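> Give the three-dimensional model of this entry:
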Amino acid sequence: MKSFKGLFIFLLSFFLWSCQNKDQQAVEIAKPNIIVFYVDDLGYGDLSCYGASKVATPNVDKLAVNGLKLTDAHSTSATCTPSRYSLLTGEYAFRNNASILPGDAPLLISPDKPTLPKMLKKAGYQTAVIGKWHLGLGNGNINWTGEVKPGPLEIGFDYSFLLPSTGDRVPSVYLENHLVVGLAPDDSLNVSYEKKIGNRPTGKENPELLRYKADPQHSNSIINGISRIGFMAGGQSAEWVDEDFPNKFVERSKKFINAVDQSPFFLFFSFHDIHVPRLPMKQFKGKTDMGVRGDAILQMDWTVGQIMKILRDKGLEENTLVIFTSDNGPVINDGYSDESVRKLGDHDPNGGFSGGKYSALEAGTRVPTIISWPGKVHPSESEALFSQVDIFSSLAAMFGIALKADEAMDGQDLSGLISGKNRTGRETMIEESETLALRKGNWKYIRPFNKEKYPSWIEKTKNIDDGLSDAPQLYNLENDPFERLNIAESNMDRVQEMESLIVAIEKQKTRKL
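Residues are numbered from 1 along each chain as shown. Next up is the predicted model:
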């Protein structure tokens, strides 16, 4: 009898353990896959779901129709490197003096730093970054012919397939994990941002070889008929063809998704589109009246559709959280004479807002942002204030990952907004450009900035409303959403209050718990 009772207890314990284990497995399987579509230089008004009438974006529109469309969501910075840094680290880029990097810059994010992919790996995710990187590589003296590291694999990604910096900078090769793709053993690759190396023609010396004329900064080594920033010697065996970017990125994404076994995945899909140089595939060239910039928007939308098709084919769409957004606001002329300005017509990439890429005004960071999660995020539109710096901490909260005080120190838990449980956004938020701006509700304060001390900046932004002034600026976006009337002089108490808030944020050393 005793042995029977003991056997019964054992079997009952085993049964309960099995049920508990199955429940745990069910929780693991129920975790959504996560894709962040990070478009480059896409403006608030560049999508048909945000009001564009000269270009149609049906695949992105579908995400918006079935998900949450945010109308006051922001990248942290008006330029790309700082925004990428903030998204992956959960902290403002000014804390690391992050700015637009040259193509041979060392890795900006320390391998010791907590990151979004590291956090997701703790939650059981397999992680990948595919597309434009522009966060630096190596330790400052890269051997492009050998292993290029540290890089994405050292900050939490399991797989990477990259443009090492940007499409308009050398080296114009793909990097898969630590190695340049397709580089022949006898084809040494070297890069310089200081002087010409090798015998490759340049845009300055051989303008007759160019498909598009370029400004002096973009007139160095010519690859695929386009002159780039910086000089590249060797590497002919590995040179990219710009028109291949979309298909290459989709192929590698499919390879990664197919390789994922039971665990969920995180894919940081970092577009090159619609950044310069704009060289859309043949099937999109000339398909809009807006020139190659409009064609590149179509190509971007097609790419989103291809990735979503991969999910549908594998039965994964219903359990995938998609965050679609842009690294900064739009720019039309950014170094190449590709007729984008002449053919813009009445299309407004800013969606009515002032500024654009590089600018302290709203269109510098206010970008289209859509959150889609079938069955979880219900179709709606929200004016909640949202920053990409919050993605890290919000996802950590969703998956019960406790963060230390020095992790994602500037992020706020907006998991309720992302998961569709509420519509609560931020109260305050930093916007970075060449100066710092602060949003507090509908109030916007921009710190003074003396442009006369930075002649190179004046030249770079001569065709752009950079929103900078040597006097403080204050706007009430509720009454003046396009920042036409600076009311700082008559509201100095509020100016001082908001300047004090920026100073307090600058002095902050840990995340507010």
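
> Spatially, what comes nearest to residue 151 if we skip its sequence neighbours?
Leaving aside its sequence neighbours, residue 151 sits nearest to residue 137 (Cβ to Cβ, 6 or more residues apart in numbering; 4.8 Å). Bear in mind the C-beta positions are built from the backbone N, C-alpha and C, glycine included.

> secondary structure element for the one you found?
Following DSSP states H and E, there is no helix or strand that holds residue 137.

> you'd agree it is up against residue 164?
Yes - counting by Cβ atoms under 8 Å, residue 137 touches residue 164, with 5.9 Å between them.

> same for the helix or strand residue 119 falls within, what does it pack against?
Residue 119 is located in helix 116-122, with elements delineated by DSSP H and E. Packing partners of helix 116-122 (3 or more Cβ pairs under 8 Å, 6 or more residues apart in numbering; DSSP states H and E): helix 80-89, strand 126-132, strand 265-270, helix 391-398.

> what's next to that helix, contact-wise?
For helix 116-122, the surrounding residues in contact (Cβ atoms under 8 Å, 6 or more residues apart in numbering) are 34, 87-90, 125, 127, 129, 155-158, 266, 268, 391-392, 395-396, 399, 401, 403, 407-408.

> So how do I select the buried members of those in PyMOL?
Here the buried members of these are turned into a PyMOL selection, burial being counted by 16 or more other Cβ atoms under 10 Å:
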select buried, resi 34+87+88+89+90+125+127+129+155+156+157+158+266+268+391+392+395+396+399+403+407+408
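
> For the closest residue to residue 159 other than its chain neighbours, give me its contacts.
Excluding the flanking residues, the one nearest residue 159 by Cβ to Cβ, 6+ apart is residue 128, at 4.2 Å. By Cβ under 8 Å, 6+ apart, the contact list for residue 128 reads 157, 158, 159, 160, 161, 253, 256, 265, 266, 267, 268.

> run the last query once more with 6 Å
Residues near residue 128 by Cβ atoms under 6 Å, 6 or more residues apart in numbering: 159, 256, 267.

> And the pLDDT at it?
What the model reports as pLDDT for residue 128 is 98.

> Any idea what it is bridged to?
residue 159, residue 267 (DSSP bridges).

> Show me this protein divided up by domain.
In terms of domains, the chain is parsed into 31-189+234-425, 432-507 (source: automatic domain parsing).

> Same list (the ones you listed) but as a markdown table, adding distance to residue 200.
Below are these laid out as a markdown table (distance: least, Cβ to Cβ, whole Å):
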| stretch | distance to residue 200 |
| --- | --- |
| domain 31-189+234-425 | 8 |
| domain 432-507 | 26 |
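
> Mind telling me which of the ones you listed the model trusts least?
Across the domains of the chain, the lowest-scoring stretch is domain 432-507, with a mean of 92.

> any idea how far that domain is from the chain center?
In terms of Cα atoms, centre = their mean, to the nearest Å, the centre of domain 432-507 is found 24 Å from the chain centre.

> For that domain, what is the spacing between the initial and final residues?
16 Å (Cα to Cα, to the nearest Å).

> And for stretch 366-375?
Using Cα to Cα, the end-to-end distance of stretch 366-375 comes out at 27 Å.

> Okay, buried residues for it please.
366, 367, 368, 369, 370, 371, 372, 373.

> which residue ranges form the helices in the stretch 1-150 of the chain?
Ranges of helices in the stretch 1-150 of the chain, per DSSP state H, counting those that start in this stretch, are 2-30, 58-66, 80-89, 116-122.

> likewise the stretch 401-513 of the chain?
All helices of the stretch 401-513 of the chain, identified by DSSP H, counting those that start in this stretch, fall at 415-419, 455-460, 492-507.

> Can you tell me which of those helices is nearest to residue 69?
For residue 69, the closest of the helices of the stretch 401-513 of the chain is helix 415-419, at 12.2 Å, according to Cβ to Cβ.

> and the closest one, what does it pack onto?
helix 391-398 (3 or more Cβ pairs under 6 Å, 6 or more residues apart in numbering; DSSP states H and E).

> Could you tell me the end-to-end distance of stretch 354-371?
From its first residue to its last, stretch 354-371 covers 25 Å (Cα to Cα).

> i'd like the first residue to be 9 from this point on
From this message on, residue numbering opens at 9, which makes the last subject stretch 362-379.

> now the strands for the stretch 259-408 of the chain?
If you assign secondary structure with DSSP state E, counting those that start in this stretch, the strands in the stretch 259-408 of the chain sit at 273-278, 328-334, 377-380, 388-390, 394-395.

> would you turn those strands into TSV with distance to residue 485?
Below are the strands of the stretch 259-408 of the chain laid out as TSV (distance: least, Cβ to Cβ, whole Å):
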stretch	distance to residue 485
strand 273-278	30
strand 328-334	20
strand 377-380	17
strand 388-390	16
strand 394-395	15
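
> Tell me which of the ones you listed sits most buried.
Mean neighbour count (mean count of other Cβ atoms under 10 Å) peaks for strand 394-395 among the strands of the stretch 259-408 of the chain, with a mean of 26.

> contacting residues around that strand?
With Cβ under 6 Å, 6+ apart as the test, strand 394-395 has contacts from 78, 81, 82, 84, 433, 437.

> Could you find the closest non-adjacent residue to the fourth one?
What it means is residue 84. Spatially, and ignoring its direct neighbours in sequence, residue 84 is nearest to residue 94 (3.9 Å; Cβ to Cβ, 6+ apart).

> can you pull the contacts of that neighbour?
Contacts of residue 94 (Cβ under 6 Å, 6+ apart): 84, 100, 101, 397.

> Tell me how far it lies from residue 369.
For residue 94, the distance to residue 369 equals 19 Å [Cβ to Cβ, to the nearest Å].

> before we move on, back to that, the residue nearest to residue 159 and residue 157 touch, don't they?
No - using Cβ atoms under 6 Å, residue 145 is not in contact with residue 157, being 7.5 Å away.

> Residue 256 and residue 501, how far apart?
Between residue 256 and residue 501 the computed distance is 55 Å (Cβ to Cβ).

> quick one: which of the two has more around it?
Neighbours per residue (other Cβ atoms under 10 Å) separate residue 256 from residue 501, with residue 256 holding more: 18 against 7.

> any idea how far that one is from residue 327?
For residue 256 relative to residue 327 (Cβ to Cβ), the value is 27 Å.

> cool, residue 448 as well?
Separation of residue 448 from residue 327 (Cβ to Cβ): 37 Å.

> now do residue 504
49 Å.

> What of residue 293?
Distance of residue 293 to residue 327, computed by Cβ to Cβ: 36 Å.

> what does residue 177 give?
Distance of residue 177 to residue 327, given as Cβ to Cβ: 37 Å.

> Tell me which of the two has more neighbours.
Between residue 177 and residue 327, counting by other Cβ under 10 Å, residue 177 is the more crowded of the two (24 against 17).

> Which residues does that one form beta bridges with?
Taking DSSP bridges as the rule, residue 177 bridges to residue 237.

> list the contacts for it?
Going by Cβ under 6 Å, 6+ apart, residue 177 touches 111, 236, 237, 238.

> ditto for residue 375
83, 333, 334.
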